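Colleague: Any chance you can model this:
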Amino acid sequence: MKIDILPIGLYQENSYVLHDHGHVLFIDPGRYAKTIAEAVNRDETVDGILLTHGHEDHTGAADDLADMFETDIYMHENDLALTDPAYAKMAGYCAPVYHTVKPLSAKMKIGVFDIEVIETPGHTAGSVCFRYRNLLFTGDTLFASDIGRTDLYSGDEEEMMRSLQKFYALPHDLRVLPGHGPCSTIGLELQRNPYL
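Modeller: Predicted structure coming up:
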């Protein structure tokens, strides 16, 4: 297993390219689809695109990558309004996604990847974290020593506080891969993150 972390775009959002046994997942491809696509080897198969939430700095390259690799896009249904071409421009930090976005379920098999989806509303109504083996992609829910803001469209501070409680039950050595900034672990965040 290998992971490429590509901090790109205006907000230096971490776009992730997860490789395992000749297969690839894109997580939160924010901008510059060609740059992200360069991380995929010619002999690899792209199994899907996962979005932790619907903000444009996490979705901006999803359409282009779906076209390039003929693959599906997945996101929680509660964030569909943030990417729906008819509504996306009404909410801040949002942009349309024109491909059909498929819904998530708690346990998913996407290609060769067995993904656990942890619902963590707060930053947006449809925010989630994706767990794969010892990796936890936390989007804008959990950062190193910080959490995501809750004052944007569909954000909710009380929901965020409830979502944060879910991290206490996770293994301390689970690697945290956030939407912005450096990586961490659940154990480190339980020690030093003031919100935990």
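Colleague: which residue is nearest the centroid of this structure?
Modeller: Thr52 (3.0 Å; Cα atoms, centre = their mean).
Colleague: How are the helices of this structure distributed by residue range?
Modeller: 33-37, 56-59, 62-69, 80-83, 157-164, 186-192 (DSSP state H).
Colleague: hmm, back to that, and the residue nearest to the centre of the chain, what does it touch?
Modeller: 27-28, 58, 127-130, 137-141, 179 (Cβ atoms under 8 Å, 6 or more residues apart in numbering). C-beta: built from backbone N, CA, C; applies to glycine.
Colleague: let's see 7 Å
Modeller: Thr52 is in contact with Asp28, His58, Ser127, Val128, Cys129, Phe130, Phe137, Gly139, Gly179, counting by Cβ atoms under 7 Å, 6 or more residues apart in numbering.
Colleague: before we move on, what about Gly92?
Modeller: Taking Cβ under 7 Å, 6+ apart, one finds Leu152, Tyr153 in contact with Gly92.
Colleague: what about it, distance to Gly54?
Modeller: In this view, Gly92 and Gly54 are 11 Å apart by Cβ to Cβ, to the nearest Å.
Colleague: follow-up on the earlier one: pipe the helices of the chain into JSON lines and attach distance to Leu170 per row.
Modeller: Shown next, in JSON lines, are those (distance: least, Cβ to Cβ, whole Å):
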{"stretch": "helix 33-37", "distance to Leu170": "28"}
{"stretch": "helix 56-59", "distance to Leu170": "22"}
{"stretch": "helix 62-69", "distance to Leu170": "27"}
{"stretch": "helix 80-83", "distance to Leu170": "26"}
{"stretch": "helix 157-164", "distance to Leu170": "11"}
{"stretch": "helix 186-192", "distance to Leu170": "5"}
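Colleague: which of those is buried the deepest?
Modeller: helix 56-59 (a mean of 26; mean count of other Cβ atoms under 10 Å).
Colleague: May I have that helix exported as CSV, CA atoms only?
Modeller: Extracted C-alpha coordinates of helix 56-59, given in CSV (Å, rounded to 0.1, in the frame of the first residue of the first chain):
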residue,chain,number,x,y,z
GLU,A,56,-15.2,22.9,-3.9
ASP,A,57,-11.7,22.6,-2.6
HIS,A,58,-12.4,18.9,-2.1
THR,A,59,-14.4,18.3,-5.2
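Colleague: and that helix, how far out from the chain's middle?
Modeller: Chain-centre distance of helix 56-59: 9 Å, with Cα atoms, centre = their mean, to the nearest Å.
Colleague: just so I know, which of the helices of the chain lies nearest Gly48?
Modeller: helix 62-69 (9.1 Å; Cβ to Cβ).
Colleague: other SSEs contacting the closest one?
Modeller: helix 33-37, strand 45-50 (3 or more Cβ pairs under 7 Å, 6 or more residues apart in numbering; DSSP states H and E).
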